[in-house]
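> sequence? don't have it. structure:
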């Protein structure tokens with residue numbers, strides 16, 4: 001997972017001029033698409049190797065989403081409040097991630113098969129991706 005999370009944003013950032021918000025928005029869409037495709041791959045994986053490959057794709061996309069959404073947000077806010085905005089965004093992401101992991105773990109343990117739980121997450125990613133298209 002770490003390979004994708006680091007590689008996706010790093011490669012995309014290397015291909016982007018600093019402050020070019022149009023290209024950053026494009027990378028944000030590419031990241032959403034990679035997260036979706038990787039999520040489908042994770043849901044469909046039947047053994048470790050396809051799961052690892054799909055996880056790398058999924059985390060490359062999620063890393064790109066986080067990096068470029070944060071960058072676009074920071075371009076929009078005044079310099080005087082950028083630190084506070086970043087802190088609130090990070091707190092919201094951390095809290096929502098913890099809640100989602102808790103709910104997914106409960107669903108996985110008590111209600112649904114792991115493939116079904118991953119499919120739900122992928123469907124949510126698709127719902128987020130469609131308005132970007």
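Nice, I can see it. This one's a predicted model, so the numbers in the text were calculated from it and none came from an experiment.
> can you tell me which residues contact residue 85?
Listed by CB atoms under 8 Å, 6 or more residues apart in numbering, the contact set of residue 85 reads 73, 74, 77. The way it works is simple: take the backbone N, C-alpha and C, and place the C-beta from them, glycine included.
> What is the burial count for the last one?
Meaning residue 77. The local packing of residue 77 (other CB atoms under 10 Å) involves 13 other residues.
> Ramachandran angles for it?
The phi/psi pair for residue 77 (degrees, to the nearest 10) reads phi -100, psi 150.
> ok, now residue 47?
The phi/psi pair for residue 47 (degrees, to the nearest 10) is phi -150, psi -180.
> Which element is encountered next along the chain beyond the helix or strand harbouring residue 6?
In this assignment (DSSP states H and E), residue 6 forms part of helix 2-14. Using DSSP H and E, the helix or strand that follows helix 2-14 in sequence is helix 21-44.
> Give the other helices and strands that the helix or strand hosting residue 61 contacts.
For residue 61, the element it lies in under DSSP H and E is helix 48-76. When contacts are defined as 3 or more CB pairs under 8 Å, 6 or more residues apart in numbering; DSSP states H and E, helix 48-76 sits against helix 2-14, helix 21-44, helix 82-106.
> For these, give me TSV that also has distance to residue 51 and mean pLDDT.
Listed next are these as TSV, based on distance: least, CB to CB, whole Å; pLDDT from 0 to 100:
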stretch	distance to residue 51	mean pLDDT
helix 2-14	13	86
helix 21-44	6	87
helix 82-106	16	85
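> Can you give me the end-to-end span of stretch 10-20?
The stretch stretch 10-20 measures 16 Å between its terminal residues, going by CA to CA, to the nearest Å.
> Nothing else from me, thank you.
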